[in-house]
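Novice: Predicted coordinates and the sequence they were generated for:
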Amino acid sequence: MHEECGVVGVSFKKESPAALSIYYALYALQHRGQESAGITVHDGTQVRTLKGMGLVPDVFNRDDIQKLKGHVGIGHVRYSTTGGSKIENCQPLLVSFRSGTIAIAHNGNLVNSKELRAELEKEGRIFHSDSDTEVIAHLLVKKLMYSEPQEAVRELMRRLIGSYSLVILVDNELVVVRDPLGVKPLCLGEIDNGFVVASESAAIDILGGKFIRDIAPGEMLVFSNGAYESKPIVKSKNYAHCVFEYIYFARPDSIIDGELVYNVRMRIGKTLFEEHPISADIVSPVPDSGITSAIGFSKKSGIDYMEGLMKNRYIGRTFIMPGQDMRETAVRLKLNTIKPNIEGKSIVLVDDSIVRGTTSRRIIDLMRRSGAKEVHMRVASPPIISPCYLGIDMATREELVAAHKAVKGVEALINADSLGYVSIEGLVRSIGIPADDLCVGCLTGSYPVEIPGEQCARRQLKLSEFDDARKEHIPLRSSGLEDSEKVTLGITEN
Ligand code: AMP
């Protein structure tokens, strides 16, 4: 199961209620998950949880928040498309054990959860959900049987492989950890009554707080009595920050691992023009995800920025609709053209990514029907050729259009006059973090951790080789190839 989520942890001075701040923070993180939301708080003697399916305002009302008494707590928003859309998978997850209760909320995806689960089931532990989080919770409870909380979390981290930003309540102690590769974001802020930890810094901003710093990969923070202690646990030589957070997932007003997402997207837009120059009448974004890169493209090219599409903001992401027909209908519902801005014009259309290709095709057809003379597609991510196993719900390899078609093929499929993707090298430069500290698995098929059936050769990846492969239209590794046919770095030679 693949999940995308947002997490929050709050540790306030006694008597300061945590639930309202968690509620606001979850609002700020709503884009990270629209399927379920939950809050758990602890007042020193009792733990209280409220969670349910739907958006933050669907799950909580004012009375609920007032009843959630406690000065320390955690919160979660969740989005998963594969099978697991059910109440059992809502978080925070609570597990009672001999000497207390733990509550846990998780953003990320483990790659060894199957094995861990089998091991725990053998020992007689019973699972109620199919989420990784329950595996983590059981494992932690097992460690807590004979270790202090901090030691138990330390031991837990030694067993987990994959991405995990965790906020955990062990009774009324808040413990937060970020996986040693730092795949998913997690940051720390300070507000009047104490500290807040959140997936994205925008959540700290909306609480009127001060962003302190990113939580370091492999670091554990333990909060109590209005203070926190840092416990660096695992030091990795390299990190694997998710590039897709910068490309699409995170809010542009968030700072992730030292880089403001807005600035990154702006730089990607500029790079996109340098790599795929074109003359046209206007640059137009696919709202909202393409806006910042389109502005960057416009600045660099000198071509006027003008909106050609309007988005209906009250419709969820089309990606969350099951089945192809639903998705196509959703695109029509979601976007409409501003005809006079488009009619008779040649347009550079900028979007953050092409996943299946459905959205781009629909939008380009829509623009042509509205009188566009030419539509040149520019994409602020390199071709996505491989699935994500580390926490972005993208698509299967079969569904990824760039896994099966070279650039020209995608160009024809989406009916564009021209198509240009930013290169992987260009993307990495625009992000501003060294390539060896980024996870580019979805762009290269080469992952930072062992994944059965996939390449794990990310260190010293020659990104230019991947970019060249795309330019020369060499089909990248597709399913069905024998191992012997695959060359290193995930590129096939034929
Ligand atoms: P498609 O190519 O039709 O599958 O969809 C591409 C569109 O989906 C782009 O406009 C992206 O903004 C958006 N998108 C990309 N990745 C995701 C994701 N993981 N979840 C939801 N939407 C996404």
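Specialist: Happy to help now that I have it.

Novice: make it CA atoms for all contacts and neighbour counts henceforth
Specialist: OK.

Novice: Met306: what's it in contact with?
Specialist: Met306 makes contacts with 282-284, 341, as judged by C-alpha atoms under 8 Å, 6 or more residues apart in numbering.

Novice: Which strands and helices lie in contact with the helix ranked longest in the chain?
Specialist: The longest helix of the chain (DSSP state H) is helix 261-275. When contacts are defined as 3 or more C-alpha pairs under 8 Å, 6 or more residues apart in numbering; DSSP states H and E, helix 261-275 sits against helix 291-301, helix 424-431.

Novice: highest average neighbour count across the ones you listed?
Specialist: helix 291-301 (a mean of 25; mean count of other C-alpha atoms under 10 Å).

Novice: Next, the angle from it to helix 261-275.
Specialist: Helix 291-301 runs at 40 degrees relative to helix 261-275, counting by axes from the mean of the first three to the mean of the last three C-alpha atoms, to 10 degrees.

Novice: Quick check: residues of the protein near the ligand?
Specialist: 289, 319, 351-359, 392-394 (C-alpha under 6 Å from any ligand atom).

Novice: top of those by neighbour count?
Specialist: Asp352 (30 neighbours; other C-alpha atoms under 10 Å).

Novice: Please verify my assumption that that one contacts Ala380.
Specialist: Yes: if you go by C-alpha atoms under 8 Å, Asp352 and Ala380 touch, sitting 4.5 Å apart.

Novice: list residues touching both of the two?
Specialist: Residues touching both Asp352 and Ala380 (C-alpha under 8 Å, 6+ apart) are 247, 290, 293.

Novice: Just put these in TSV and tack on pLDDT.
Specialist: TSV is the format used below for the shared contacts of Asp352 and Ala380 (pLDDT from 0 to 100):
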residue	pLDDT
Ile247	98
Gly290	97
Ser293	98
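
Novice: which one of the residues you listed sits closest to Ala19?
Specialist: For the shared contacts of Asp352 and Ala380, the closest approach to Ala19 (C-alpha to C-alpha) belongs to Ile247, at 31.3 Å.

Novice: Would you agree the closest one falls within a helix?
Specialist: Yes: assessed with DSSP: H, G, I helix; E, B strand; the rest coil, Ile247 lies in a helix.

Novice: Please name the residues that touch it.
Specialist: Taking C-alpha under 8 Å, 6+ apart, we find Ile247 in contact with 265, 352-353, 380-381.

Novice: now for those, which pair is the farthest apart?
Specialist: Pairwise distances across those peak at 11.9 Å for Arg265 and Ser353 (criterion: C-alpha to C-alpha).

Novice: Give me the common contacts of those two.
Specialist: Applying C-alpha under 8 Å, 6+ apart, one finds that Arg265 and Ser353 are jointly contacted by 247, 380.

Novice: what ranges do the strands span in the stretch 151-300 of the chain?
Specialist: Using DSSP state E, counting those that start in this stretch, the strands of the stretch 151-300 of the chain run over 165-170, 173-178, 187-191, 194-198, 210-214, 219-224, 227-232, 241-242, 255-256, 259-260, 282-285.

Novice: Now the ones you listed in a markdown table, please, with extra columns for mean neighbour count and mean pLDDT.
Specialist: Output for the strands of the stretch 151-300 of the chain, formatted as a markdown table (neighbours: other C-alpha atoms under 10 Å; pLDDT from 0 to 100):
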| stretch | mean neighbour count | mean pLDDT |
| --- | --- | --- |
| strand 165-170 | 28 | 97 |
| strand 173-178 | 25 | 97 |
| strand 187-191 | 22 | 97 |
| strand 194-198 | 28 | 98 |
| strand 210-214 | 18 | 98 |
| strand 219-224 | 20 | 96 |
| strand 227-232 | 14 | 92 |
| strand 241-242 | 25 | 98 |
| strand 255-256 | 24 | 98 |
| strand 259-260 | 16 | 98 |
| strand 282-285 | 27 | 98 |
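
Novice: For Ala372, find the nearest of those strands.
Specialist: Smallest distance to Ala372 across the strands of the stretch 151-300 of the chain (C-alpha to C-alpha): 10.7 Å, for strand 282-285.

Novice: and that closest one, C-alpha only, in PDB?
Specialist: Only the C-alpha atoms of strand 282-285 are listed here, as PDB (Å, rounded to 0.1, in the frame of the first residue of the first chain):
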ATOM      1  CA  ILE A 282       2.000  33.400 -23.700                       C
ATOM      2  CA  VAL A 283       3.100  31.100 -20.900                       C
ATOM      3  CA  SER A 284       0.200  29.500 -19.100                       C
ATOM      4  CA  PRO A 285       0.300  27.200 -16.100                       C
END
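
Novice: Contacts for it next, please.
Specialist: Under the criterion C-alpha under 8 Å, 6+ apart, residues 291, 293-295, 297-298, 303-309, 345-351 lie in contact with strand 282-285.

Novice: Next step: these restricted to strands.
Specialist: Judged by DSSP state E, the subset of the contacts of strand 282-285 located in strands is 304-305, 309, 346-351.

Novice: mind giving me the domain ranges of this protein?
Specialist: 5-236, 256-478 (automatic domain parsing).

Novice: The longest one: end-to-end distance?
Specialist: End-to-end distance for domain 5-236, by C-alpha to C-alpha, to the nearest Å: 24 Å.

Novice: next one: stretch 181-192
Specialist: The first-to-last residue distance of stretch 181-192 comes to 31 Å (C-alpha to C-alpha).

Novice: who touches that stretch?
Specialist: Contact with stretch 181-192 is made by 107-108, 163-165, 178, 195-201, 204, 207-218, 236, 238-242, 256-257, 390-391, 439, as judged by C-alpha under 8 Å, 6+ apart.

Novice: switch to 7 Å and redo it
Specialist: Applying C-alpha atoms under 7 Å, 6 or more residues apart in numbering, the contact partners of stretch 181-192 are 108, 163-165, 178, 195-201, 204, 208-215, 217-218, 236, 239-242, 256.

Novice: cool, and stretch 332-352?
Specialist: Against stretch 332-352 from outside (C-alpha under 7 Å, 6+ apart): 247-248, 280-286, 289-290, 294, 308-312, 315, 367, 370-381.

Novice: can we see that at 6 Å?
Specialist: For stretch 332-352, the surrounding residues in contact (C-alpha atoms under 6 Å, 6 or more residues apart in numbering) are 280-286, 289-290, 294, 308-312, 370-381.

Novice: coming back round to it: can you list which of the residues of the chain next to the ligand are found in strands?
Specialist: Counting by DSSP E, the part of these found in strands is Asp351.

Novice: Could you dump the residues of the chain next to the ligand into CSV with pLDDT added?
Specialist: Shown next, in CSV, are the residues of the chain next to the ligand (pLDDT from 0 to 100):
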residue, pLDDT
Ser289, 93
Phe319, 52
Asp351, 98
Asp352, 98
Ser353, 97
Ile354, 97
Val355, 96
Arg356, 94
Gly357, 93
Thr358, 89
Thr359, 89
Ile392, 88
Asp393, 82
Met394, 80
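
Novice: hmm, back to that, would you mind checking the contacts of stretch 332-352 for buried ones?
Specialist: Buried subset of those (neighbour count, 16 or more other C-alpha atoms under 10 Å): 280-286, 289-290, 294, 308-309, 311, 370-381.

Novice: circling back: His138: which of the ones in strands among the contacts of strand 282-285 is nearest?
Specialist: Comparing the ones in strands among the contacts of strand 282-285 against His138 with C-alpha to C-alpha picks out Asp351 as the nearest, at 41.3 Å.

Novice: Leaving out sequence neighbours, find the closest residue to that closest one.
Specialist: Spatial nearest neighbour of Asp351, chain neighbours left out: Gly290 (4.1 Å); criterion: C-alpha to C-alpha, 6 or more residues apart in numbering.

Novice: Fine by me, thanks again.
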